[in-house]
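Enquirer: mind looking at a prediction? Sequence and model below.
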Amino acid sequence: MRATLRALLRPLALLAVLAALTVGLVTQVPIRADLAILLPERQSEELALLQRALREGPANRTVMIGLRPAEPVPDDAQRFARLAELSRALKGELQASDRFERVANGSFALDDAALQPFLQHRYRLNPPLDPASFTQEGLGKALDRLLVELRGFGAPLIERIMAEDPTLRTLEVARLWRQSGGPRKEQGVWVGRDGQRAVLLARSRRNAFDAAGQTDVLDAVQRAIGAVEAEHGAVATQISGPSVIAVQSRNTGERESRRLLAWSVPAVALILLLAFRRVTVLAASAVPLLAGFAAGTAGVAGVFGEVLAPTLGFGAILIGVGVDYPLHLFGHRRPDSSAAATARRIWPTLALGAATTAIGFLPLVLSSFPGVAQLGVFTIAGLAVAAAVTRWLLPWAVEPIALPPAAAVWDRAARLHAVLGRGRIAALLLGAAAVGVLLLRGDGLWQDDLRALSPLPAETRQQDQALRDDLAATNPRYLLTVAGADAQQVLAREQALLPTLQRLRADGVLDGFELTARYLSSAASQAERLQALPERAELRRRLDAALADRPFEAGTFEPFVDALAGAKAAGPLRPEQIDAPLLRARLDTLMVATDDGRRGFAFVEGLRDEARLRDTVAAADVPGVRLLDLKAETEALLHGYRSETLRWIALGAALGALALGLGLRRLTAVAAVGGAVLVSVAATAALLVLAGTALTLFHLLGLMVVAGLGLDYAIFLRRAAREDAAGGGRDGRRSVAICAATSVAVFAILSGAQIPMLGQLGDTVALGAAVSLLAAAAFTGAARRN
Amino acid sequence: MTADRRRRMRARLAGAATALAVALGGPAQAYELDELARCLAVDGRLEVGYRQDRLVQSIDETLSSSGRMVYRPPDRLELIQREPQRERAVIEGGRMSVFDGDGDEVATFELAERPGLQLTFDGVRGLLAGDAQALREAFAVSLQGGRADWTMRLEPRSEAARYHLNAIEVTGGAHDGGCAVRSIDVRLRGGGRRTIHLRSGGDSG
């Protein structure tokens, strides 16, 4: 017992120092949490801007809520009535929580608050003012209409604004801002497309970037739902939106990490204990891995100045092959030799494996995608340090540990190895078949659906998509982007584009369009319109004339005269001067700031003839305008991303082969080890594809890990086969078997992860580690004859 | 609803000169609110024509409109305006939704935000439902006259309501074997006034 404790001392001391170092690094280095950074969609400027407008604008603060009674109501009319009741109750509760700037459920409450911004800016916002409205005749007509409206049900509202706005311009402006299409409406509230649930939008007051803020907002939603249930009975709800997803992702991430640790640590411990029967081995094995992690983090921070959070997670997985290094040290240790001597003995093989793998990752460093480049740096630094620690530091740490020698049972593995070695040709043929499968699939190999590359679990994604569809908030496929040096230039260009779009709509080429210029004209045009308005004295004269034979009391419309004169004096309204939440929300998704000015988006709805739109817009020849086909754009991007990554990986493979050649110096050896690696990778990829998987970047990264593992197994098995004569074979086979067992175990656990990218890595490497072991055995089983 | 009941009701409605109920004669004593309310109570759908005259501050002319009013117990009231332009309002569950001639929803008001309107509709619904208790809770009620011809004055109890609404005067009387409301006169604090004349059968006007 005391011996064990003493033996534990050095590894534990090292672990403590490394842990302190790692914690220090992780807290000092700027870490950016952004899962999407590994996705190609971030890499196109245009798409990135659009994403920003859609996600980080007000949409980022929006919670989408689906709501229905827990007990289904079969009758349509009854259900709609019930949904309307629930929707209104929830809206009331959400508004009462005071956490939300705006809660929308489709009910169009044209109340004073909603009307205020339109009233305030009515002469400067679109639609364009018609000077004829302010002639004596125009004013007379407006007053007659006012009398009709005052006899109707909208009278309470009209009475409030008529003194200021007898032409009811406010309502005309407000109508323009009402959602044109919008979600399906029943009984005055939004319901889903199938009419089974009510849908609502709630936009929180504060930007929910921080965890506390997001949780606070979601708690408020849950409390509101609880209050509705207390009064109206049990309900079923679905909630989504950026802050919901952020909280869920965080929870999923934490739950997944706990689950992975809870399963993989005991699994690895069990394998190591079975193999070495020493607790101390567990602590010692962690030393190179932790050192590699710290080195990877430091390397990335040194090169890039910041670390992306996913780099840490995926990097830790990619340097997983580093856990093999200490296992080789323990596996090859014999009772009669010191740990230092063992390390010296296996170093050429270990160094060759580590160097080749690291060189294989080298080209990734050059990737234009920051996430991929960081992973390259992390892996290279991590593997190099893990290998060096195994060579120079670990022997000191494990010197006091007495390890049992490999049991004679491992000699039986020699026979199996030899048998597999006779299947080399078969393995080559299988590899060729695998390459054939991959070539036949061509571009069909790849996952082209961006949504499938999302870091979110499928269920979260589907729920989000369903709510978006119900709220008609889905992104359209086509849009025009309008670049300009500033907001005014963008507005002027959009305005120049408007007649073209209006003509296309009239011709039925498209159903509608949405752009800033629809709501607000450029300062120059506004100034022109305001200029055309009558002066105060002239307006009063015309108004008095119009009032002469109408039943309004004198002086009733004095506020109107003031307001019009006020608007004329105030001058044009610029988009940045608008701060009413309803208006702001719309404008923020339609124009964003860029590095070199502003970019406006014109969303096109119901496009029927893309070519015609393209030609007509081109013919209009408005500078800075570009038609964007989001689908084609993302596909092209994805394609570029993939081919670039594949190019770097191919270069890495070539460099690795070169390193291998330099290390092994014999063509047959290079052929055996290289063949094993190629067959492992090809067979793993083919198996994934045959199982119906569409490959993603994470499968590719997994395949690189497989290549590293395959290389490691092949060179150590080759060494084992060659040492059989000296009786050293059993050590090598044992250590490779243990390595393969731990890799398969850990990555099989990872493949069950709910986060798709982790699952993809897990599938690939778990499968690949098993395939690599077989391939390595097949290509090295006959080595002793050489 | 049985055919018999339906016939009875139709007879009663047709008989009742108006939408809003009333009983036949009886001794010419002080007419009790509870008795009137029982007589006014409608237990099925009710549709009557109306004409509304409004007086609005700053306009020296009576603003008239007309159409049909449909009541469905317990608390749904629908107003279908025909003149001067087609519009529709539905008052239900504390809310009034306004639809334009094309049937598109134009606006929805929370009645709570418009105490004058809310009290008016509360009063009308209280009368139609024959809910004397509800009327007494919201208003100080005084009733004058007899079954054949009565006037009810409703004065809002709450301070907030009195800020907007002075009183509602309802007149009615016996008609063809039932009770009927003839007019509802809403006097607003600022001098505004709304008089609704009810008449069964076709549009009032």
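Expert: In hand now; what should we look at?
Enquirer: what residues sit buried inside the helix or strand containing residue A:706?
Expert: Assigning secondary structure by DSSP states H and E places residue A:706 in helix A:697-723. Neighbour counts over helix A:697-723 (16 or more other CB atoms under 10 Å in any protein chain shown) mark A:697-723 as buried. C-beta: built from backbone N, CA, C; applies to glycine.
Enquirer: so how far is that helix from its chain's centroid?
Expert: Its chain's average C-alpha position is 31 Å from that of helix A:697-723, according to CA atoms, centre = their mean, to the nearest Å.
Enquirer: let me see the confidence value for the residue lying closest to residue A:770 once chain neighbours are set aside.
Expert: In this structure, residue A:770 finds its nearest non-sequential neighbour in residue A:744, 5.5 Å apart by CB to CB, 6 or more residues apart in numbering or on different chains. With respect to pLDDT, residue A:744 has a value of 92.
Enquirer: and residue A:744, how many residues sit next to it?
Expert: Look at residue A:744: counted by other CB atoms under 10 Å in any protein chain shown, it has 21 neighbours.
Enquirer: which secondary structure element contains it?
Expert: Secondary structure (DSSP H and E) places residue A:744 in helix A:729-751.
Enquirer: how about residue A:119?
Expert: helix A:112-120.
Enquirer: please identify the buried residues of that helix?
Expert: A:114, A:115, A:117, A:118, A:119, A:120.
Enquirer: and stretch A:147-166, by the same measure?
Expert: Residues of stretch A:147-166 classed as buried under the neighbour-count rule (16+ other CB under 10 Å) are A:147, A:149-159, A:161-166.
Enquirer: the nearest residue to residue A:702 once chain neighbours are set aside: which element?
Expert: Nearest residue to residue A:702 in three dimensions, chain neighbours excluded: residue A:764, at 2.8 Å (CB to CB, 6+ apart). For residue A:764, the element it lies in under DSSP H and E is helix A:756-780.
Enquirer: from the centroid of chain B, which residue is nearest?
Expert: Centroid check for chain B by CA atoms, centre = their mean gives residue B:124 as the closest residue, at 3.7 Å.
Enquirer: so how far is residue B:152 from it?
Expert: 12 Å (CB to CB, to the nearest Å).
Enquirer: likewise for residue A:121?
Expert: Between residue A:121 and residue B:152 the computed distance is 47 Å (CB to CB).
Enquirer: when the two are compared, which one has more neighbours?
Expert: It is residue B:152, of residue A:121 and residue B:152, that has more neighbours when counted by other CB under 10 Å, with 25 against 19.
Enquirer: ok now stretch A:274-292, how far from the chain's centre?
Expert: 35 Å.
Enquirer: for it, buried residues please.
Expert: Applying 16+ other CB under 10 Å to stretch A:274-292 flags A:275-276, A:278, A:280-292 as buried.
Enquirer: narrow those to those in helices?
Expert: The helices, defined by DSSP state H, take in A:275-276, A:280-292 from the buried residues of stretch A:274-292.
Enquirer: quick check, nearest of those to chain B?
Expert: Distance to chain B, by CB to the nearest CB, is smallest for residue A:290 among those, at 62.1 Å.
Enquirer: follow-up on the earlier one: what is the mean pLDDT for the helix holding residue A:764?
Expert: Here the average pLDDT along helix A:756-780 is 91.
Enquirer: off-centre distance for that helix?
Expert: 27 Å.
Enquirer: what packs against that helix?
Expert: helix A:309-318, helix A:409-421, helix A:424-441, helix A:667-690, helix A:697-723, helix A:729-751 (3 or more CB pairs under 8 Å, 6 or more residues apart in numbering or on different chains; DSSP states H and E).
Enquirer: winner for burial among these?
Expert: With neighbours defined as mean count of other CB atoms under 10 Å in any protein chain shown, the helices and strands packed on helix A:756-780 peak in mean count at helix A:697-723, which reaches a mean of 27.
Enquirer: quick one, that helix and helix A:756-780 angle?
Expert: Our comparison of helix A:697-723 with helix A:756-780, counting by axes from the mean of the first three to the mean of the last three CA atoms, to 10 degrees, yields an angle of 20 degrees.
Enquirer: how about the buried residues of helix A:112-120 in CSV, adding distance to residue B:189 and pLDDT?
Expert: Putting the buried residues of helix A:112-120 into CSV (distance: CB to CB, whole Å; pLDDT from 0 to 100) gives the following:
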residue, distance to residue B:189, pLDDT
A:114, 25, 76
A:115, 23, 83
A:117, 29, 88
A:118, 28, 90
A:119, 24, 89
A:120, 28, 89
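Enquirer: among the residues you listed, which ones lie close to chain B?
Expert: Among the buried residues of helix A:112-120, proximity to chain B is found for none (CB under 8 Å from any CB of the partner chain).
Enquirer: may I ask which two of those are separated the most?
Expert: Longest distance between any two of these is 12.0 Å, between A:114 and A:120; criterion CB to CB.
Enquirer: quick check: longest helix of chain B.
Expert: helix B:115-129.
Enquirer: how about it, does it get close to chain A?
Expert: Yes - contact of helix B:115-129 with chain A (CB under 8 Å from any CB) involves residue B:117.
Enquirer: keeping just the C-alphas, turn the helix or strand just after that helix into PDB.
Expert: Proceeding N to C from helix B:115-129, the next assigned helix or strand is helix B:132-138, under DSSP H and E. As requested, the backbone C-alpha atoms of helix B:132-138 are provided in PDB (Å, rounded to 0.1, in the frame of the first residue of the first chain):
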ATOM      1  CA  ALA B 132     -79.500  42.500 -12.200                       C
ATOM      2  CA  GLN B 133     -76.600  41.700  -9.900                       C
ATOM      3  CA  ALA B 134     -74.000  42.600 -12.400                       C
ATOM      4  CA  LEU B 135     -75.800  45.900 -13.200                       C
ATOM      5  CA  ARG B 136     -75.900  46.700  -9.500                       C
ATOM      6  CA  GLU B 137     -72.300  45.900  -9.000                       C
ATOM      7  CA  ALA B 138     -71.100  48.200 -11.800                       C
END
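Enquirer: and helix B:132-138, what's buried?
Expert: Buried, per 16+ other CB under 10 Å, within helix B:132-138: B:132, B:134, B:135, B:136, B:138.
Enquirer: neighbours of the residue in the stretch 251-400 of chain A that chain B sits nearest to, how many?
Expert: In the stretch 251-400 of chain A, the residue that lies nearest chain B is residue A:251 (37.3 Å; CB to the nearest CB). Using other CB under 10 Å, residue A:251 has 10 neighbouring residues.
Enquirer: if I look at it, how far off is residue A:600?
Expert: Going from residue A:251 to residue A:600 by CB to CB gives 37 Å.
Enquirer: can you check residue A:176 too?
Expert: Plainly put, residue A:176 is 18 Å away from residue A:600 if you go by CB to CB.
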